[in-house]
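Asks: 3D model of this:
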Amino acid sequence: MGAAFSVDLRRLTVLRELERRGSLARTAEALHLTPSAVSQQLAALARDLGVPLTERDGRGVRLTGQARVLLAHAEIIAAQLEEARADLAAYGEGGRGAVTVGCFSSGILGLLPAALRALRNRFPHLRVDVVEAEPPDLFTALDGGQVDVAVAVDFAAAPPHTDRRYTRENLLTDVLDVALPPDHRLAERAEVPLRELATDVWIVGNALSCCGAVTRSVCAAAGFTPDIRHDVNDWAALAGLVEAGQGVALVPRLVRSLYAHRELALRPAQGEPPSRNVFVAVRAGAERDPVVAAVREELRTAAARVPA
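Replies: Now for the predicted structure:
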C-alpha cells in the first residue's frame, strides 16, 4: 500500500453486501449484478489495497481477516459520508428535494398516510416517494441509497439493534388480534386462547414476510404449528377469506380500519397479546439531514396517534 491509498466506495459496498449475504450469488442478486461482476469488483478492490479479501471455502468464498479489518472501517466511512451529505443539505434551503421511504405493507396502510399529509403541509416542495419493502431487501436498498428512510418490523430478517450501520428508533408496538369467521365457535369470547386454535385452518402470509414470520413464531410459542392452507399477503384478501369461513388469522391493529365493515370477529388473544415492534432506521449519520429528520419526526407523531 502506497502513500496514495484510496478505496473505491462502490467496490466497498459490494464487500459490505457480501458480508451480509454470505455468498457471491446472493450478493449479486441483491445488487442486481452477475456473480462474475461481483467477483471482479472484489478482485479489483483487493488489487487496489494490496491485500486478499476473500478465500475459497468449498464451492464458495469467505472473508479474510484483512476484509474484516476493512469492514470495521467501512462502517465509519459510510457514516461520515452521510454526515457530510447532511451538513450540505442543512447548508441550503431545507424542505426541498426528494426523499424515499421504504415501508412494509401494513405500515403503509396504518402509519404513513398521517405522516405524509403532515410532510406535505410542512414542506409543499418536498417530493416523498414510497416503496413497499421488507428486510432484508429493504436494508439493501437503504445501504445502496435507493431508500433514505426505512420503516420495518423487528423479526429474524431485520438487522440487529447493535448494527452500527444504522441509526434506529422504535416507533410503536403493534398488537395482533385474532380474526375469526362470524360463526366461529370462539367468536363470542371476549378473549381467544391461541392454543384453542391449534386445530383450525390458518390464513398466513409468506414465511419471509414480517407478519407471516411473526404469526408462525406466535403459534409456536403457544405450542402448535398452524395448519396453513392459504398463503395470502394482501390484508383485504385475507379479510375476505376469514369472512367466508376459510380460516382464522392474526391481524395487526395498524390495518384494523380495513375490517370495519367486514362481517368477522376481531378478538384480542388471551394473556400477553402477540405484538411486533415497529421501528424507523436511516443510514448512520443521515439523521442530521433536515429532511430525513423531518420524516422521522412526523413518523413519531403518527405512531403516537395509532390506537393502542
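Asks: next up, identify which helix or strand residue 98 is on.
Replies: Using DSSP states H and E, residue 98 sits within strand 97-103.
Asks: return that strand as CSV; C-alpha atoms alone will do.
Replies: Provided in CSV are the C-alpha atoms of strand 97-103 (Å, rounded to 0.1, in the frame of the first residue of the first chain):
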residue,chain,number,x,y,z
GLY,A,97,-35.5,17.9,-2.9
ALA,A,98,-36.7,14.3,-2.6
VAL,A,99,-36.8,11.5,-0.1
THR,A,100,-37.7,7.9,-0.5
VAL,A,101,-39.4,6.0,2.4
GLY,A,102,-39.4,2.2,2.3
CYS,A,103,-42.1,0.5,4.4
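Asks: by contact count, what packs against that strand?
Replies: Where contact means 3 or more CB pairs under 8 Å, 6 or more residues apart in numbering; DSSP states H and E, strand 97-103 is packed against strand 126-132, helix 137-144, strand 149-153, helix 290-304. Just so you know, the C-beta spots here come from the backbone N, C-alpha and C atoms, and that holds for glycine as well.
Asks: looking at the ones you listed, which is closest to residue 210?
Replies: Smallest distance to residue 210 across these (CB to CB): 3.9 Å, for strand 149-153.
Asks: what lines up beside that closest one in the sheet?
Replies: strand 97-103 (parallel), strand 275-283 (antiparallel) (DSSP bridges).
Asks: who's in contact with it?
Replies: With CB atoms under 8 Å, 6 or more residues apart in numbering as the test, strand 149-153 has contacts from 99-104, 107, 111-112, 133-135, 138-139, 141-142, 158, 166, 171, 174, 210-211, 214, 276-282, 292, 295-296, 299.
Asks: please repeat the previous calculation with a cut-off of 7 Å.
Replies: 99, 101-104, 107, 111, 134-135, 138-139, 142, 158, 210, 276-282, 292, 295-296, 299 (CB atoms under 7 Å, 6 or more residues apart in numbering).
Asks: next secondary structure element downstream of that strand?
Replies: With DSSP H and E, the next secondary element past strand 149-153 is strand 166-180.
Asks: in that next one, what's buried?
Replies: 166, 167, 168, 171, 172, 174, 175, 176, 177, 178, 179, 180 (16 or more other CB atoms under 10 Å).
Asks: include pLDDT when you put these into CSV, please.
Replies: CSV is the format used below for those (pLDDT from 0 to 100):
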residue, pLDDT
166, 95
167, 96
168, 96
171, 97
172, 96
174, 94
175, 94
176, 94
177, 95
178, 96
179, 96
180, 96
